[in-house]
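**Student:** missing the sequence, but the structure's below:
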DNA sequence: CGAAGTATTGACTTGTTTCAATGTTAGTGG
DNA sequence: CCACTAACATTGAAACAAGTCAATACTTCG
């Protein structure tokens, strides 16, 4: 049984290896980080708009959403983060948060002081570039969201989003023959895609009736990847994955 | 009369100073960069989806759009870039472009080899962090776009976008009593906001009738900043500007 | 069992698109 | 200097995708 700290180390090493092969120096540096791991319940905002965090975090288990609220209190989900993601890497160089981070399901999150990350980046050009790249891919996900929300109708929008989720889960080895576990309710998917729960419900029925996906109680299975990709006009380039099919199990 | 190279240097120094005060070492490093400056006509795609650029660029004059196309050839403008922006800074660490860069108006663009930028970042932690921060603010602009396109109706969406343009132009000293020069046609604003030209036209009439803006032939003037901010639910935090009111003139 | 959260369905409403025509402006060449 | 052209802006009417409202069912869990 691994300690939580080892688990964070293994996951980070796996994630960074997806960008480039790490040398022994980098692996050593990573392994000496000391993480503080927290268990958080569902629906908890753990970093607030306006905060000036002194740590960044790595999602170990569960799902986290970036959110922003309208004047009327309506919530927009800006992006969805799964194990292996570092959803507030930006706070390393942009002190003040311009959005919230909240848990969707119960999650396990590892925190690391900015000081330690900065130290790492100062010592290793490779790690510096890799963390930077990680934050750039985050921006690429945002661009994909802008594209789909503006250009696709409700059905395709959902298809595009589910493609993204499928490939991102796959990249961290979280997809098996049964699909992947995915705790967003239809209401929350609506908040991601700028649609109402009613639209999501109807669109999900469309995708199911076309035998593209199966979708029930926090679990999603893509039955026809190519079909879903076509339906959602999904071009996975923006994920910039060096390889897709390694499993987290193999890495840890 | 400054050379184009000096102009690029001055603009970059000004821009980076908006993040943090640069020391003499950093200013010296920047001043020794050698830029290649190009004049490009309007509507020209100068970096293509799939390209692997060996340079990044700095917009000196004119407006540049990041674009992505649907299967049906419909164009989405992902973001709009004005003088002082480095719209493909990401290519420094994400080799392959996942979108196009095209000019909107006639532009002047300065190119710098990735090699030189990487060298700079290796030598100076400060510059490394500053360029990184620049790319993170780019991501923050994306988040603002996701928010406005999903949560605001046509009128507010346009108001929000015009606020963003107003403050970003102001930050580089491009706003005077007459407003600022802005070459996006109503059709292109539609491609930014996920609306049709008809909607933009009607929304712009709304904003004009409320005396919030004046808008004619490539020129925009915000008459009532506070009013427009309120109307568009605009929270400028995401711009992360250290100061807004320095002028480019003063810096160069 | 009751309660809360989530999913589903139908009827009606609305903001935006689509289509199509007309007006305006700036630039070009005779 | 004016006719011609292309790009851009404006307007009205009809169509439609998604929203709203509201009722009902299913699931999970204490």
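**Tutor:** Done, it's in. Keep in mind it's a predicted model, so treat the numbers as computed, not measured.
**Student:** tell me the phi and psi of the residue lying closest to residue A:168 once chain neighbours are set aside?
**Tutor:** The spatially closest residue to residue A:168, leaving aside those adjacent along the chain, is residue A:82, at 6.1 Å (CB to CB, 6 or more residues apart in numbering or on different chains). C-beta: built from backbone N, CA, C; applies to glycine. Here is the backbone geometry of residue A:82 (degrees, to the nearest 10): phi -120, psi 170.
**Student:** ok, residues contacting stretch A:179-199?
**Tutor:** Applying CB atoms under 8 Å, 6 or more residues apart in numbering or on different chains, the contact partners of stretch A:179-199 are A:42, A:62-63, A:65, A:67, A:75-77, A:80, A:104-105, A:145, A:148-149, A:154, A:157-158, A:161, A:165-166, A:169-170, A:174, A:200-201, A:203-204, A:214, A:218-222, B:149-151.
**Student:** number of residues surrounding residue A:46?
**Tutor:** 18 (other CB atoms under 10 Å in any protein chain shown).
**Student:** right, and the residue nearest to residue A:168 touches residue A:169 too?
**Tutor:** Yes. Residue A:82 lies in contact with residue A:169 (CB atoms under 8 Å); the separation is 6.2 Å.
**Student:** in helices, which of the contacts of stretch A:179-199 fall?
**Tutor:** Using DSSP state H, the members of those that fall within helices are A:145, A:148-149, A:154, A:157-158, A:161, A:165-166, A:169-170, A:200-201, A:203-204, B:149-151.
**Student:** what subset of those is buried?
**Tutor:** Neighbour-count burial (16 or more other CB atoms under 10 Å in any protein chain shown) applied to the ones in helices among the contacts of stretch A:179-199 gives A:145, A:148-149, A:154, A:157-158, A:161, A:165-166, A:169-170, A:200, A:203-204, B:149-151.
**Student:** restrict those residues to those near DNA strand D?
**Tutor:** residue A:154 (CB under 7 Å from any atom of the strand).
**Student:** in which helix or strand would I find residue A:115?
**Tutor:** For residue A:115, the host element (DSSP states H and E) is helix A:114-123.
**Student:** beta partners for the most centrally placed residue in chain A?
**Tutor:** With distances taken as CA atoms, centre = their mean, residue A:81 lies nearest the centre of chain A, 2.5 Å away. Beta-bridge partners for residue A:81, by DSSP bridges, are residue A:64.
**Student:** contact partners for it?
**Tutor:** Residue A:81 is in contact with A:59, A:63, A:64, A:65, A:66, A:87, counting by CB under 8 Å, 6+ apart.
**Student:** for residue A:174, same thing?
**Tutor:** A:82, A:83, A:180, A:181, A:248.
**Student:** for the stretch 1-150 of chain A, give me the ranges with low pLDDT.
**Tutor:** A:1 (pLDDT under 70).
**Student:** which residues of it fall in helices?
**Tutor:** Secondary structure of the stretch 1-150 of chain A, counting by DSSP state H, counting those that start in this stretch: helices at A:4-17, A:24-31, A:114-123, A:125-151.
**Student:** can you pull the buried residues of the first one?
**Tutor:** Under the neighbour-count criterion of 16+ other CB under 10 Å, helix A:4-17 has A:7, A:8, A:9, A:10, A:11, A:12, A:13, A:14, A:15, A:16, A:17 buried.
**Student:** now the strands for the stretch 151-252 of chain A?
**Tutor:** A:180-181, A:213-216, A:219-222 (DSSP state E, counting those that start in this stretch).
**Student:** let's test this: mean pLDDT of the shortest one, rounded?
**Tutor:** By that I understand strand A:180-181. Across strand A:180-181, the average pLDDT comes to 96.
**Student:** partner strands of that strand and their direction?
**Tutor:** By DSSP bridges, strand A:180-181 pairs with strand A:219-222 (antiparallel).
**Student:** any idea of the mean pLDDT in the strand it pairs with?
**Tutor:** Rounded mean pLDDT across strand A:219-222 is 96.
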